[in-house]
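> Using only what follows, build the 3D model:
(one chain, ligands or ions: 1)
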Amino acid sequence: MLYIIGLGLADERDISVKGLEIVKRAERVYLEAYTAVLLVDKDVLEAYYGRSIIIADRETVESQSDSILAGADTVDVAFLVVGDPFSATTHADLALRCRQNSPQIPTRTLPNASILTAVGATGLSLYSFGQTVSMVFYEENWRPDSWYPKVKENADLGLHTLILLDIKVKEPNLKALERGKYVFDPPRFMTAAQCAEQMLETEETRAASEEGKSTGVAGKERLAVAVARLGSEGEKIVAGTLEELAQQDLGKPLHSLVLCGWKMHEMEWEFVRDFAVDREKFDEIWKRDYAGKGVQ
Ligand SMILES: C[S@@+](CC[C@H](N)C(=O)[O-])C[C@H]1O[C@@H](n2cnc3c(N)ncnc32)[C@H](O)[C@@H]1O
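Next up is the predicted model:
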């Protein structure tokens with residue numbers, strides 16, 4: 001059996017009791033370590049679980065899954081995923097390969113907390129979120145803004161947008177590669193401030209280009225909520241305009257950003273304003289542009 005086990009969001013103790021029992025008795029234990037990370041290192045997990053763990057990077061999971069699935073039709077293999085295994089990740093692929101395997105490999109999933117629901121701690125109603133989008137690191141010649149039309153679609157419906165931020169682990173260093181050397185860059189995690197900055201830049205670029213490309217959905221005075229390390233003791237939530245949040249340092253990863261929808265309800269506003277960098281400004285903008293007004 002392949003057990004796909006969610007680890008939750010913060011540390012080694014967020015695994016469920018059921019999950020831990022399986023980890024303790026499984027033949028092999030893998031940790032998927034590229035779509036999200038816990039706030040603790042592998043050795044802390046190993047000490048708590050009493051098991052050694054094999055790190056499964058993207059290459060292993062996507063191109064060498066046979067090594068993970070080997071023998072899983074007869075023995076138990078545990079595949080650990082940070083957060084919830086089927087939330088904002090692509091592990092349906094691994095489960096599908098189990099079905100297609102001959103003989104078929106039975107699978108079982110153990111769900112856990114996910115950023116998709118933990119974000120409710122901001123006070124924004126999960127009923128009022130539209131499609132989730134991802135923000136990748138802008139590079140010198142590559143500044144993809146495919147997130148923009150999706151944010152616009154959500155905004156047209158008055159809905160909030162959860163923006164998940166880029167994680168780069170085990171990326172080959174391109175300069176070294178040109179010299180024939182295979183070395184990895186240090187891991188990089190996008191901050192909420194970097195995300196806000198990129199959004200403002202895209203809005204500005206669109207405003208300066210052909211008419212109609214800029215809609216204001218990522219303008220300086222759009223209200224948003226930045227979150228860091230949700231679910232951990234040191235979690236942080238800060239609300240403000242995109243311009244304000246581009247200046248906020250929320251500390252260690254992981255971070256996410258929520259862009260507030262026009263229909264932000266009074267009850268949501270009351271909750272969120274407690275996290276505001278500048279409460280007066282937050283209130284003023286909410287009353288002027290939001291407060292259930294619908295599309296502007
Ligand atoms: C690809 S998603 C993986 C989601 C995971 N499977 C889950 O269910 O939460 C990873 C992104 O979610 C966000 N994220 C995950 N955990 C977080 C946390 N505890 N606090 C804030 N953001 C988090 C970050 O933006 C991170 O880059």
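> what sits against G50?
Residues near G50 by CB atoms under 8 Å, 6 or more residues apart in numbering: K24. For the C-beta atoms, the positions are set from N, CA and C on the backbone; glycine is no exception.
> cool, and the one 5 residues further on?
Taking CB under 8 Å, 6+ apart, we find I55 in contact with 30-31, 33, 42.
> what do you get for L165?
Taking CB under 8 Å, 6+ apart as the test, what L165 contacts is 134-135, 189-192, 194-195, 254-257.
> Let's see that with 6 Å instead.
For L165, the contact set (CB atoms under 6 Å, 6 or more residues apart in numbering) comprises 135, 190, 195, 255.
> Please name the nearest non-neighbouring residue to it.
Closest residue in space to L165, ignoring its immediate chain neighbours: M190 at 3.8 Å, by CB to CB, 6 or more residues apart in numbering.
> Looking at the contacts of L165, state which has the most neighbours.
Most neighbours among these, by other CB atoms under 10 Å: C195, with 27 neighbours.
> Can you pull the phi and psi angles for that one?
Dihedral pair for C195: phi -60, psi -50, per degrees, to the nearest 10.
> Tell me how far it lies from the ligand.
9 Å (CB to the nearest ligand atom, to the nearest Å).
> Would you pull up how far the helix or strand where M267 lies lies from the middle of the chain?
M267 is part of helix 266-272 when elements are defined by DSSP states H and E. On the basis of CA atoms, centre = their mean, to the nearest Å, helix 266-272 sits 24 Å off its chain's mean C-alpha point.
> Next, the buried residues of the following helix or strand past that helix.
Next helix or strand after helix 266-272 toward the C-terminus (DSSP H and E): helix 279-289. For helix 279-289, the neighbour count (16 or more other CB atoms under 10 Å) marks 282, 285-286, 289 as buried.
> average pLDDT for the helix holding M267?
Averaged over helix 266-272, pLDDT sits at 96.
> Same question for stretch 283-296.
Stretch 283-296 comes out at a mean pLDDT of 79.
> Same question for stretch 129-146.
96.
> and what of stretch 207-219?
84.
> In helices, which of the contacts of L165 fall?
C195 (DSSP state H).
> does any bit of stretch 157-169 sit next to the ligand?
Yes. Judged by CB under 6 Å from any ligand atom, stretch 157-169 comes into contact with the ligand at 164-165, 167.
> That's all I had, so thanks and see you.
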